[in-house]
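1. need the 3D shape of this:
(chains A, B, C and D)
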Protein chains: 2
Amino acid sequence: MYFCERLLTFIMNKKETIFNVALQLFSSQGFDNTSTSLIAKKAEVSEGLIFRHFTNKEGLLNEILIEGFTKIKPYLDLIIEENDPKKVILLTLELPYKIISQHREFWKLQNNMRLQNDKYREDFDQNAFFEPLDTKVKNAFKSLNCGNPDVEKETFFIFLNGLALYILENDNNENPVELVKNIELKFID
Amino acid sequence: MYFCERLLTFIMNKKETIFNVALQLFSSQGFDNTSTSLIAKKAEVSEGLIFRHFTNKEGLLNEILIEGFTKIKPYLDLIIEENDPKKVILLTLELPYKIISQHREFWKLQNNMRLQNDKYREDFDQNAFFEPLDTKVKNAFKSLNCGNPDVEKETFFIFLNGLALYILENDNNENPVELVKNIELKFID
DNA sequence: ATTTTATTAGTGAGTAATCACTTATTTTTT
DNA sequence: AAAAAATAAGTGATTACTCACTAATAAAAT
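-> Numbering: from 1, shown residues only, chains lettered A, B, ... in the order given. I've put the predicted structure just below:
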């Protein structure tokens, strides 16, 4: 554990160590319940260094969230570029596992912040972030001659959020292929 | 605002006032981010009274959660008693709106606790609480001659969780009948 | 190339404010 | 008068954050 942090510090710089320790702590025990002193202790740096690099606790959170969204953006772009409507639906269905299996801690953190913190919802508007995918999926359903593409799209995203929650709660990084297949059948015939 | 609390205290006793103020604060700004001094201030009681009635901050949280689950239990029992498998599915689909429209603050609180707090997950095992409904729904799908009732049930609950999240995020208490109808079609033909 | 000058990275000991919680005392109810 | 309910005034511990300072690195000047 502590050996691990020491190793991290050796190959990363201390700022990165703080960043990673904070991400781990924020996502596992919550932002409010994580003190800067604990972050410093686990990262094996002085507490003051946190504030030198990130101004304040919230600044540290913001950097973590911004990097997270930046890393996830390409997953969305890949779908936006797809032209086959059926493939758009299929790729979007695979999105939750793809994102969470590789960015679990970030996703858990942003999920908790979104549900709990009002100020966060202003700073990071998830609707705005997913809007391009939203319209892409809607148009896909339109192309597939779906009865009411708007309702179908909304239903689809409700499903997607449920699926993301399911994957988030199963700590093992297992791909729920069977479930995704079953969902698939309900949206594409 | 403060007039309201004063009115509450007049018709309720002070313990109930503390209870309600804490529920409101815990659900809107999080348990960790809510201090006992703020609860006391908003409830217009002395801070010590909180500890007299609820032992400690966690005791207050527990009473809130236990009452919440107790109030929600009858909603589940109603479905358990139902024998028509189709009706079981339909009633379960209506569950999220029924619960959240009437117990929004509690549901938001328990949702956040479940996602964030490990100790909470031990004390209040949501899986155990919903287990009777879980098997009831599984048997319903079995009765309806569904291909794989287990997968269908799991898919159904993923949907249900997504739906609950959707209703929770739309602060207006509007019944999403159109969406529920659309989901319905995907599970019953 | 070597010295001087800035800049950045990092520390450890503080700060006031706030935290959950306690104790002693007073008010209210029975 | 006794018991219960409520308050006011505390407690030590912890909080996010600042401060004065040093060590290391980079840039500029000689």
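2. ok, now which ones touch the residue nearest the centre of chain A?
-> Centroid check for chain A by C-alpha atoms, centre = their mean gives residue A:107 as the closest residue, at 3.0 Å. Going by C-beta atoms under 8 Å, 6 or more residues apart in numbering or on different chains, residue A:107 touches A:68, A:99, A:100, A:164, A:168. Heads up, the C-betas are built off the backbone N, CA and C, glycines and all.
3. which ones among those lie within helices?
-> Of those, the ones assigned to helices by DSSP state H are A:68, A:99, A:100, A:164, A:168.
4. hmm, back to that, now, which of the contacts of residue A:107 sits nearest residue B:188?
-> For the contacts of residue A:107, the minimum distance to residue B:188 (C-beta to C-beta) is 25.0 Å, reached by residue A:164.
5. residue A:100 is in contact with the closest one, correct?
-> Yes - counting by C-beta atoms under 8 Å, residue A:100 is a contact partner of residue A:164 at 6.5 Å.
6. domain-wise, how is chain A divided?
-> A:2-54, A:64-187 (automatic domain parsing).
7. the residue nearest to the centre of chain A and residue B:175, how far apart?
-> From residue A:107 across to residue B:175, the span is 30 Å (C-beta to C-beta, to the nearest Å).
8. give me the phi and psi for the closest residue to DNA strand C within chain A.
-> Nearest to DNA strand C, among the residues of chain A, is residue A:48, at 2.7 Å (C-beta to the nearest atom of the strand). When read as degrees, to the nearest 10, the backbone of residue A:48 gives phi -60, psi -30.
9. quick one: contacts for it?
-> With C-beta under 8 Å, 6+ apart, residue A:48 has no contacts at all.
10. low-scoring stretches of chain A, by residue?
-> Along chain A, the model assigns pLDDT under 70 to residues A:1-12.
11. kindly recompute the last result at 50.
-> A:1-9 (pLDDT under 50).
12. in stretch A:53-64, what counts as buried?
-> Within stretch A:53-64, the residues that count as buried by 16 or more other C-beta atoms under 10 Å in any protein chain shown are A:53, A:54, A:57, A:60, A:61, A:62, A:63, A:64.
13. same check, this time on stretch A:32-45
-> A:32, A:33, A:34, A:36, A:39, A:40, A:42, A:43, A:45.
14. right, is stretch A:143-162 up against chain B?
-> Yes - against chain B, stretch A:143-162 shows contacts by C-beta under 8 Å from any C-beta of the partner chain at A:148, A:151, A:152, A:154, A:155, A:157, A:158, A:159, A:160, A:161, A:162.
15. for the residue nearest to the centre of chain A, give me the backbone phi and psi.
-> Torsion angles, degrees, to the nearest 10, at residue A:107: phi -70, psi -40.
16. and it, how far from residue B:72?
-> From residue A:107 to residue B:72 the distance is 28 Å (C-beta to C-beta).
17. quick one: the residue of chain A closest to DNA strand C from residue A:91, how far?
-> From residue A:48 to residue A:91 the distance is 46 Å (C-beta to C-beta).
18. up against DNA strand D, what does chain A have?
-> A:34, A:35, A:36, A:37, A:38, A:47, A:48, A:51, A:56, A:57, A:58 (C-beta under 7 Å from any atom of the strand).
19. in TSV, list these along with secondary structure.
-> Formatted as TSV, the residues of chain A next to DNA strand D follow (DSSP: H, G, I helix; E, B strand; the rest coil):
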residue	secondary structure
A:34	coil
A:35	coil
A:36	helix
A:37	helix
A:38	helix
A:47	helix
A:48	helix
A:51	helix
A:56	coil
A:57	helix
A:58	helix
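20. flag every residue of chain A that's near DNA strand C.
-> Counting by C-beta under 7 Å from any atom of the strand, chain A sits next to DNA strand C at A:13, A:14, A:15, A:44, A:45, A:46, A:47, A:48, A:49, A:52, A:53.
21. do that again at 6 Å, thanks
-> A:13, A:14, A:15, A:45, A:46, A:47, A:48, A:49, A:52 (C-beta under 6 Å from any atom of the strand).
22. top of those by neighbour count?
-> residue A:45 (20 neighbours; other C-beta atoms under 10 Å in any protein chain shown).
23. secondary structure class of it, three-state.
-> coil.
24. and the ones in helices among the contacts of residue A:107 near chain B, which?
-> Among these, chain B is touched by residue A:168 when using C-beta under 8 Å from any C-beta.
25. can I get the ones in helices among the contacts of residue A:107 in a markdown table with distance to residue A:28?
-> Formatted as a markdown table, the ones in helices among the contacts of residue A:107 follow (distance: C-beta to C-beta, whole Å):
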| residue | distance to residue A:28 |
| --- | --- |
| A:68 | 15 |
| A:99 | 18 |
| A:100 | 15 |
| A:164 | 18 |
| A:168 | 12 |
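26. need the ones in helices among the contacts of residue A:107 in TSV with neighbour count, can you?
-> Shown next, in TSV, are the ones in helices among the contacts of residue A:107 (neighbours: other C-beta atoms under 10 Å in any protein chain shown):
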residue	neighbour count
A:68	19
A:99	19
A:100	22
A:164	21
A:168	16
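27. chain center to stretch A:84-93: distance?
-> 20 Å (C-alpha atoms, centre = their mean, to the nearest Å).
28. can it be found next to chain B?
-> No - Stretch A:84-93 is not in contact with chain B by C-beta under 8 Å from any C-beta; minimum separation 11.7 Å.
29. what are the contacting residues of that stretch?
-> Everything outside stretch A:84-93 that qualifies as a contact, by C-beta under 8 Å, 6+ apart, is A:78-79, A:82, A:133, A:136-137, A:139-141, A:143-144, A:156, A:160, A:163, A:180, A:183-184, A:187-188.
30. thanks a lot, see you next time.
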